[in-house]
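1. Could you look at this predicted model? Sequence included:
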Amino acid sequence: MDNIDIVIVEDNYHDVEMILDALNESGIKSGFLIFRDGAEVVQHFFDPAGRVISGNLRPPKLILLDLKLPKINGMEVLQLLKSDDKTKYIPVVVFTSSNESRDRMESYKLGANSYLVKPLDADQFAEHIRQIINYWLNLNINVD
Amino acid sequence: MIGSNFSNYFTEPEKADKGYKLVFEKGIVRDYPLSIRNSSGQVIDVLYNASLYKNDAGEVQGIFAAARDITALKRAEKELKAAHDELELRVEERTDELKRANNTLEVEIHERKEVEKLIALRTKLLEVTNKELESFSYSVSHDLRAPLRAIDGYSRMILRDQRDHLNDDAKRKFELIRSNTQMMGKLIDDLLAFSRLGRLEINMTRLDMEGLVNNVWMELQIINPDRRIDFKVDTVPASKGDRTLIKQVYSNLLSNAVKYTKNRDQARIETGGYKRENENVYYVKDNGVGFDMDYYDKLFGVFQRLHSTDEYEGTGVGLAIVQRIIHRHGGSVWAEGQVEEGAAFYFTLPIKD
């Protein structure tokens, strides 16, 4: 788990493939984990009693979070991560197709570090991914 | 009385005799009613007062009697009774009327309650419909976009990775797939924007319309740096409305004017307004391609276009949005045009205090 920099939470397989394609295209070699629903990512960070699993706690530098997820939705994942002292400093970038103002509002209220709408244009999509990763992995200086 | 014929005098001799005896029994009688015939032969009602007349030894010597004519009293009594009866009748009638009115009122109250129930039900239904619409547009924005993203994403990957294996025709077709995907995305966005307009709350503020027009024009010049347009702003009266929405109206009308004058050597756009009765009229006129008035009903329709997308880009939702915004402000929109002779668009905003 030590080499995991990016946690991708995305249920749409095609979006996952496009994200990975963009990482590859930009020559980004960071390790990543992919979770296909909200429950998977919660189980990764928390045990059934709701305590943080410290073995998994070499925190990633970025969680890329979709909002519309099966089982536990992105908003709930965000709330769980941001309300625990051990996980709240992990940067979470919401990456969603929703441009609804209430989603933006709610995300920021819960503590999202950034909010991006997935572009329809594939060139822009790849460029967004490249810039997100560059910013949060190379430019931004995290806690710890 | 002495010497007169008593049977002729008393019309009720038996009753008179009874009174006579009563005087002897009791010594005195007061207000004994009798009817008598008076000297002119008329029968009248009287009341008798009578008492025994005794000498010093206490022997009965005779009877003192005096009659009092009570015809007038009787008449008054009769009239009073009639008046009383009349009053009672009126009270009864009025009570009946009140009862009827009360019944009607009760029926009305009941009906009103039923209507209120219906309205509450309808409101609930509308709320549900509104919620459904909201979740509909939410899922439209999410779920319709996802496959489009995939289509564009994979097309892009193929174009990049298989470039050497594709001939020019295949490449061209992949580019067309990509541009149509973007077009579909734009249509979804516009449809969503249009449907949202129906639910949007309107924030009325005082609007400096002239400032708004110049603002929009500046933005349009930035987007169209290569266009040289003769732009003229006449007086534009201030108004009240939702700043964002009215700005959208000017943005749509002016960008249309810019778009449809693109083939003019000297493009001219003119905008202004004037007061008319209790509303302000605003206009945007251009000397562009204009339109055929035969197709006027299609002008403000959603996704209706009077020019091909090859000639003039767009989804055909701009004027529909203009119309919806103005209608929601309580105003109206109309247009005048002629093929190749330009177009003029008008909208009104009601003047409110």
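-> All right, it came through fine.
2. what helix or strand does residue 24 sit in?
-> Because you didn't say which chain, this covers chain A. Assigned by DSSP states H and E, residue A:24 belongs to helix A:13-25.
3. You answered for a different chain; I wanted chain B.
-> Residue B:24 is part of helix B:13-26 when elements are defined by DSSP H and E.
4. Can you point out the buried residues in that helix?
-> Buried residues in helix B:13-26, counted by 16 or more other Cβ atoms under 10 Å in any protein chain shown: B:16, B:19-20, B:23. Every residue, glycine included, has its C-beta placed from N, CA and C.
5. want to try a markdown table for the residues you listed, with pLDDT and distance to residue B:248 as columns?
-> Shown next, in a markdown table, are these (pLDDT from 0 to 100; distance: Cβ to Cβ, whole Å):
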| residue | pLDDT | distance to residue B:248 |
| --- | --- | --- |
| B:16 | 83 | 110 |
| B:19 | 83 | 109 |
| B:20 | 82 | 114 |
| B:23 | 85 | 113 |
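6. For the one helix or strand residue B:135 maps to, enumerate the helices and strands it packs against.
-> Assigned by DSSP H and E, residue B:135 belongs to helix B:71-139. If you count contacts as 3 or more Cβ pairs under 8 Å, 6 or more residues apart in numbering or on different chains; DSSP states H and E, helix B:71-139 packs onto strand B:43-54, helix B:168-199.
7. Quick check, pLDDT for the nearest residue to residue B:305 once chain neighbours are set aside.
-> Nearest non-adjacent residue to residue B:305, counting by Cβ to Cβ, 6 or more residues apart in numbering or on different chains: residue B:316, 4.0 Å away. The score at residue B:316 is 83. That number is its pLDDT.
8. and residue B:316, which of the three is it?
-> Following DSSP: H, G, I helix; E, B strand; the rest coil, the label given to residue B:316 is coil.
9. any idea how far residue B:154 is from residue A:94?
-> Taking Cβ to Cβ, to the nearest Å as the measure, residue B:154 falls 24 Å from residue A:94.
10. cool, residue A:84 as well?
-> For residue A:84, the distance to residue A:94 - Cβ to Cβ - is 18 Å.
11. Neighbour count: these two, which is higher?
-> More neighbours surround residue A:94 than the other of residue A:84 and residue A:94, with 26 against 14 (other Cβ atoms under 10 Å in any protein chain shown).
12. Pull the contacting residues for the more buried one.
-> Applying Cβ atoms under 8 Å, 6 or more residues apart in numbering or on different chains to residue A:94 gives the contacts A:65-67, A:74, A:78, A:107, A:112, A:114-116.
13. Now go through those and say which are in strands.
-> Among the contacts of residue A:94, the residues falling in strands (DSSP state E) are A:65, A:114-116.
14. returning to that earlier point: count the residues that sit near the residue nearest to residue B:305.
-> As a burial measure, residue B:316 scores 19 neighbours (other Cβ under 10 Å).
15. swap in residue A:47?
-> Residue A:47 has 11 neighbouring residues, counting by other Cβ under 10 Å.
16. List the buried residues of stretch B:63-83.
-> By neighbour count on 16+ other Cβ under 10 Å, the buried set for stretch B:63-83 is B:65, B:67, B:70.
17. how far out from the middle of the chain is it?
-> Mean C-alpha position of stretch B:63-83 versus that of the full chain (Cα atoms, centre = their mean, to the nearest Å) differs by 67 Å.
18. what are the ranges of the helices in chain A?
-> A:13-25, A:38-45, A:74-82, A:101-110, A:122-133 (DSSP state H).
19. Please tabulate the ones you listed in JSON lines, including the columns distance to chain B.
-> JSON lines is the format used below for the helices of chain A (distance: least, Cβ to the nearest Cβ, whole Å):
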{"stretch": "helix A:13-25", "distance to chain B": "4"}
{"stretch": "helix A:38-45", "distance to chain B": "16"}
{"stretch": "helix A:74-82", "distance to chain B": "12"}
{"stretch": "helix A:101-110", "distance to chain B": "9"}
{"stretch": "helix A:122-133", "distance to chain B": "4"}
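20. Out of the ones you listed, flag the one nearest residue B:94.
-> When the helices of chain A are compared for distance to residue B:94 using Cβ to Cβ, the nearest one is helix A:101-110, at 62.8 Å.
21. Which strands or helices does the closest one pack on?
-> Applying 3+ Cβ pairs under 8 Å, 6+ apart, one finds that helix A:101-110 makes contact with helix A:74-82, strand A:114-117.
22. Could you figure out how far that helix is turned away from helix A:74-82?
-> 10 degrees (axes from the mean of the first three to the mean of the last three Cα atoms, to 10 degrees).
23. Give me the buried positions along helix A:101-110.
-> A:103-104, A:106-107, A:110.
24. residues in contact with it?
-> Outside of helix A:101-110, the residues within contact range by Cβ under 8 Å, 6+ apart are A:67, A:75, A:78-79, A:82, A:94, A:96, A:115.
25. and if you look at stretch B:223-243?
-> Counting contacts by Cβ under 8 Å, 6+ apart, the residues outside stretch B:223-243 that touch it are B:202-210, B:212-214, B:217, B:221, B:246, B:255, B:258, B:261-262, B:266-275, B:280, B:282, B:325, B:329, B:349, B:351-352.
26. got the residues of the stretch 151-300 of chain B near chain A?
-> B:152-157, B:178, B:181-182, B:185 (Cβ under 8 Å from any Cβ of the partner chain).
27. are any of the residues you listed buried, and which?
-> Neighbour-count burial (16+ other Cβ under 10 Å) applied to these gives B:152-157, B:178, B:181, B:185.
28. hmm, back to that, which among the ones in strands among the contacts of residue A:94 are in contact with chain B?
-> On the criterion Cβ under 8 Å from any Cβ, none of the entries of those sits beside chain B.
29. Quick one: low-confidence residue ranges for chain B.
-> B:1-8, B:138, B:141, B:353 (pLDDT under 70).
30. residue farthest from the centroid of it?
-> The centre of chain B is farthest from one residue, residue B:57, which by Cα atoms, centre = their mean lies 101.0 Å away.
31. Same question for chain A.
-> residue A:49 (22.9 Å).
32. Would you format the ones in strands among the contacts of residue A:94 as CSV with pLDDT and neighbour count included?
-> What follows is the ones in strands among the contacts of residue A:94, written out as CSV (pLDDT from 0 to 100; neighbours: other Cβ atoms under 10 Å in any protein chain shown):
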residue, pLDDT, neighbour count
A:65, 96, 26
A:114, 96, 17
A:115, 97, 19
A:116, 96, 14
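33. For chain B, state which of the residues you listed is nearest.
-> Closest approach between the ones in strands among the contacts of residue A:94 and chain B, by Cβ to the nearest Cβ: residue A:116, at 13.4 Å.
34. Would you confirm that the closest one contacts residue A:129?
-> No - contact criterion Cβ atoms under 8 Å: residue A:116 and residue A:129 do not qualify, at 9.5 Å.
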